[in-house]
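[1] Here is my input; please provide its structure:
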Amino acid sequence: MLELCFNGETLKVKVSSYPSGNTRVDLLDDDGLTFSMPSCEVEGILLKPGYALVRTWSHNKDIMLALITQGIIESTGYYLPVSDYADALICKVKTDDELRLDDIAMQAAKEAADMAAKEAAES
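    Numbers count the residues shown, from 1 in each chain. You can find the predicted model right below:
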């Protein structure tokens, strides 16, 4: 299960589906209780599989930014009004496999940079 570091806590990221089929994201604490539900549902809106509406208002904004910064979701840059006062960001929710590939790519890039720096220092 994916993990999110937020305000000094490590939260489990549970990805499931709403009855509509849209992707749902819950953050769970160490006891498996819901800490926050950063996703939301809008009646009549169906997204592509793996995409979610992510809350952007109030404390949810910090959670959304942590999810993006830690690579768990990717912003599409598109917003959907969910009320007269708030919009939700349409995001792609990364799978465990996608995150593992990201980690492998980051490690390979780091190793290549280290090797290039070592070769530059030796010449």
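[2] And residue 86, how close does it get to residue 119?
    Remark: distance between residue 86 and residue 119 (CB to CB, to the nearest Å) = 52 Å. Just so you know, the C-beta spots here come from the backbone N, C-alpha and C atoms, and that holds for glycine as well.
[3] out of these two, which sits in the more crowded spot?
    Just comparing residue 86 and residue 119: by other CB atoms under 10 Å the higher neighbour count belongs to residue 86, 15 against 9.
[4] Spatially, which residue comes closest to that one, not counting chain neighbours?
    Nearest-residue entry for residue 86: residue 57, 4.4 Å, with adjacent residues in sequence omitted and distances by CB to CB, 6 or more residues apart in numbering.
[5] Locate the residue lying closest to residue 51 once chain neighbours are set aside within the secondary structure: which element?
    Of all residues not flanking residue 51 in the chain, residue 92 sits nearest, at 5.5 Å (CB to CB, 6+ apart). According to DSSP states H and E, residue 92 maps onto strand 87-93.
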